[in-house]
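Colleague: What follows is a protein structure lacking sequence information:
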């Protein structure tokens, strides 16, 4: 996670921030026009939740294995 963020910030330093934010807000504007406010907020919220859950689970493989052991018992499917 830390490496990803440091690489992202390094790329942002090397590019023009105006272009990056223009693209981000263009996508948000399209989402608002197509889906409306509530659906767009839901999409952005679920994207953020997915990002944080994914970064938490895949940051350490032992955490991911424990999570899988809770969902799928070790002797049954693996």
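Modeller: Received, thanks. Since this is a predicted model, take the numbers as computed values, not measurements.

Colleague: So which elements touch the helix or strand where residue 66 lies?
Modeller: Residue 66 is located in helix 61-71, with elements delineated by DSSP states H and E. With contacts defined as 3 or more Cβ pairs under 8 Å, 6 or more residues apart in numbering; DSSP states H and E, helix 61-71 has these neighbours: helix 37-59. Bear in mind the C-beta positions are built from the backbone N, C-alpha and C, glycine included.

Colleague: Low-confidence ranges, the chain, go.
Modeller: 1, 75-78 (pLDDT under 70).

Colleague: For residue 6, see how far away the most centrally placed residue in the chain is.
Modeller: Centre of the chain computed as the mean C-alpha position; nearest residue by Cα atoms, centre = their mean is residue 51, 2.5 Å away. Residue 51 is 16 Å from residue 6, where distance means Cβ to Cβ, to the nearest Å.

Colleague: Enumerate the positions of the helix or strand encompassing residue 33 that are buried.
Modeller: Counting by DSSP H and E, the element that carries residue 33 is helix 17-35. Going by neighbour count (16 or more other Cβ atoms under 10 Å), the buried part of helix 17-35 is residue 31.
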